[in-house]
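In: Predicted coordinates and the sequence they were generated for:
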Amino acid sequence: MNAPVIQLAGLTKTYNPGTPVETEVLHGLDLALAEGEFAALIGPSGSGKSTLLNIIGLLERPTGGRLSIAGRDTATLSEAEITALRGRSIGFVFQFHHLLPAFSALENVMMPGIIAHGAADDALEATALELLDAVGLKAHAHKKPAELSGGQQQRVAIARALALKPRLILADEPTGNLDTHTADDIFALLRDFNRDSNCACLIVTHDPRLAARCDRIVRLVDGRIADDLPTG
């Protein structure tokens, strides 16, 4: 079996601990996702999906338990080390693309590399152009987000997420505001990159059609994993 990219053991998350409004959102989760796996995370609203994704994405710290990303136990890492690990190992795709409106598609895709390395260079631009070509948008490289359709903007966001060749892609409802045909295209792109680069992918979706096309489905209910089953 491939090495785990994500490993959770007894993971909990509590908001406002020690106060009258203390709320435990995640209750002792155990979960692993290996290189090359493509998993759907499903569950009703309020089940804790977004909280779990934020914790796995190193945007929030868990209250208890253990979280390892790419073999690193995150509990012992400083904020600077967390930021570096997140930038190096994780690519994010959201329902709303969060592209920078003042920059071109090319510049948006280059942005993670500029942040990581402090400046742009020819190699960074060449990689960004290759990624835009891979998502079918090389001809639109110099257009700003407002000049692109919703589906095209999401393709740019996927290219940006892959700019630093992350070991893990986290996607939060990446097709939630797209029509069915465009959603299928976006999903296929994520699947292609998953196969080509052997990165792990965890996709939050409310679309049962897309969930069924993943390798496995993890169902979260009331902050607990109710099911974790292969789709094959």
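Out: Sure, I can see it.
In: Run a quick neighbour tally on Leu189.
Out: 20 (other C-beta atoms under 10 Å). (Glycine included, C-beta is placed from N, CA and C.)
In: for the residue nearest the centre of the chain, what are its contacts?
Out: By C-alpha atoms, centre = their mean, the chain has its centre lying nearest to Leu170, at 1.4 Å. Leu170 makes contacts with 53, 56-57, 90-93, 201-202, as judged by C-beta atoms under 8 Å, 6 or more residues apart in numbering.
In: switch to 6 Å and redo it
Out: Neighbour list for Leu170: 53, 57, 92, 202 [criterion: C-beta atoms under 6 Å, 6 or more residues apart in numbering].
In: just the strands in the chain please.
Out: Counting by DSSP state E, the segments of the chain that form strands are 4-15, 23-34, 38-42, 64-69, 72-73, 90-94, 168-172, 200-204, 216-221, 224-230.
In: Between those strands, which one is closest to Leu148.
Out: With C-beta to C-beta, the closest approach to Leu148 among the strands of the chain belongs to strand 90-94: 15.6 Å.
In: Which strands or helices does the closest one pack on?
Out: helix 150-161, strand 168-172 (3 or more C-beta pairs under 6 Å, 6 or more residues apart in numbering; DSSP states H and E).
In: Compute the distance between Leu41 and Leu202, please.
Out: 6 Å (C-beta to C-beta, to the nearest Å).
In: what's the single longest helix in the protein?
Out: The longest helix of the chain (DSSP state H) is helix 180-197.
In: what comes up buried for that one?
Out: Residues of helix 180-197 classed as buried by neighbour count (16 or more other C-beta atoms under 10 Å): 182-187, 189-191, 193-194, 197.
In: and of the residues you listed, the nearest to Lys165?
Out: The closest of those, once distances to Lys165 are taken by C-beta to C-beta, is Ser197, at 6.6 Å.
In: thinking again about what came up before, got the strands of the chain as a markdown table, with mean pLDDT and distance to Thr83 columns?
Out: Listed next are these as a markdown table, based on pLDDT from 0 to 100; distance: least, C-beta to C-beta, whole Å:
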| stretch | mean pLDDT | distance to Thr83 |
| --- | --- | --- |
| strand 4-15 | 92 | 18 |
| strand 23-34 | 91 | 22 |
| strand 38-42 | 93 | 24 |
| strand 64-69 | 92 | 13 |
| strand 72-73 | 87 | 13 |
| strand 90-94 | 82 | 11 |
| strand 168-172 | 88 | 15 |
| strand 200-204 | 91 | 20 |
| strand 216-221 | 93 | 27 |
| strand 224-230 | 92 | 28 |
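In: Of all those strands, which one comes closest to Val135?
Out: strand 90-94 (11.5 Å).
In: what does the closest one contact?
Out: By C-beta under 6 Å, 6+ apart, the residues outside strand 90-94 that reach it are 57, 157-158, 161-162, 166, 168-172, 174.
In: follow-up on the earlier one: and the longest helix of the chain, what does it pack onto?
Out: Helix 180-197 packs on helix 150-161, going by 3+ C-beta pairs under 6 Å, 6+ apart.
In: now the angle from the helix it packs on to strand 168-172?
Out: 150 degrees (axes from the mean of the first three to the mean of the last three C-alpha atoms, to 10 degrees).
In: thinking again about what came up before, now the residue nearest to the centre of the chain: closest residue in space that isn't a chain neighbour?
Out: Gly57 (5.1 Å; C-beta to C-beta, 6 or more residues apart in numbering).
In: State the distance from the one you found to Pro174.
Out: Taking C-beta to C-beta as the measure, Gly57 falls 14 Å from Pro174.
In: now swap in Pro4 and tell me
Out: Distance, Pro4 to Pro174, using C-beta to C-beta: 23 Å.
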